[in-house]
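J.: with the sequence up front, the predicted model follows.
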Amino acid sequence: MQAVAALNAAWVITARRPGQAVASGSVCWYTSGAGARLAKAQGASVIVMDDGLQNGALAKDFTVAVVDGRRGIGNGCVFPAGPLRAPLDAQLRRSDALLVVGDGNAAHHVVARARGLPVWHARLVPHRDSAGAITRPVFAFAGIGDPDKFFLTAEQAGLTVAARRAFPDHHRFTAEDAAELLMAADADALALLTTEKDRARMTGEPALAGLMERAHVLPVTMEIAEADALRAALTKARGR
């Protein structure tokens, strides 16, 4: 179960970028630096890490701290008391830039504490060609960190979200889940809609084949307003 949950992001990247190498493994493998050694052995010249602030085994050339504009950092406490994996100030001291994703005012106090760091802004843009292929109201379901963001994104793409169901982050769908979702959608003649990550977790599960076949996916792309500044900063960091 843990392997499937860990690999869903890698599966999405591989599907989006055919031919690019993606390394994924256990927490111990990841934090030991084995992934970086493997990437280097395969000829990689740049390594992009997800949750890289949590890995002290590798020296980083450039670190971007990301905060949600709508949710901010919640109560500001460290897990399990709150959503942070380390104290905010400690993470900002190790960062080279702050990226605020989405609208809202919840990130303002984080920006205020990120003294001296460049602050960039981004938004998730749904692929409207995928949304345009759905002609009925949808039953949206998601097992990600912020399902409400996905539901909102679907509405912003022009879809009518008639029903929704949120599952825990990294949820491993069961045959019972599939049956319930299919029955609920059929009862109201709704199309099923989910995220790329959730659909990836259904891959290879015979009991979920029916749900996987019926569920539409709404891909999103992150657009960064200050993309030129980000590109320049990364180019400079790579030349150090």
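T.: Noted; the coordinates are in hand.

J.: and the residue located most distally from the centre of the chain, how far is that from residue 180?
T.: Most distant residue from the mean C-alpha position of the chain: residue 187, 31.0 Å away (Cα atoms, centre = their mean). Counting by Cβ to Cβ, to the nearest Å, the gap from residue 187 to residue 180 is 11 Å. The way it works is simple: take the backbone N, C-alpha and C, and place the C-beta from them, glycine included.

J.: any idea how many residues pack against residue 238?
T.: Neighbours of residue 238 under the rule other Cβ atoms under 10 Å: 11.

J.: please apply the same query to residue 191.
T.: 19.

J.: what's the answer for residue 101, then?
T.: Neighbours of residue 101 (other Cβ under 10 Å): 20.

J.: then residue 199?
T.: 20.

J.: part of a helix, is it?
T.: Yes - counting by DSSP: H, G, I helix; E, B strand; the rest coil, residue 199 is located in a helix.

J.: I figured it was touching residue 217, is that so?
T.: Yes - with contacts counted by Cβ atoms under 8 Å, residue 199 reaches residue 217, the gap being 5.2 Å.

J.: which residues of this protein score low on pLDDT?
T.: Applying pLDDT under 70 to the chain picks out residues 1-32, 240.

J.: could you pick out the longest strand of it?
T.: strand 119-126 (DSSP state E).

J.: right, and the helix or strand after that strand?
T.: Elements were assigned by DSSP states H and E; along the chain past strand 119-126, the next helix or strand is helix 128-132.

J.: chain center to that following helix: distance?
T.: The chain centroid and the centroid of helix 128-132 are separated by 20 Å, computed with Cα atoms, centre = their mean, to the nearest Å.

J.: which other residues reach that helix?
T.: Helix 128-132 is contacted from outside by 154, 157, 158, 159, 216, 217, 218, 219, using Cβ atoms under 8 Å, 6 or more residues apart in numbering.

J.: where's residue 233, which helix or strand?
T.: With DSSP H and E as criterion, residue 233 is part of helix 227-238.

J.: go through that helix and flag the buried ones.
T.: Applying a neighbour-count criterion of 16 or more other Cβ atoms under 10 Å, one finds 230, 233, 234 buried in helix 227-238.

J.: what would the residues you listed look like in CSV with distance to residue 33?
T.: As requested, those are exported to CSV (distance: Cβ to Cβ, whole Å):
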residue, distance to residue 33
230, 26
233, 24
234, 21
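
J.: quick one: residue 140 is in a strand?
T.: Yes - counting by three-state DSSP, residue 140 is located in a strand.

J.: what separation do you get for it and residue 130?
T.: 13 Å.

J.: which one of those two has more residues nearby?
T.: When neighbours are counted by other Cβ under 10 Å, residue 140 and residue 130 differ, and residue 140 comes out ahead with 27 against 16.

J.: if anything else comes up later, I'll come back, but that's it for now.
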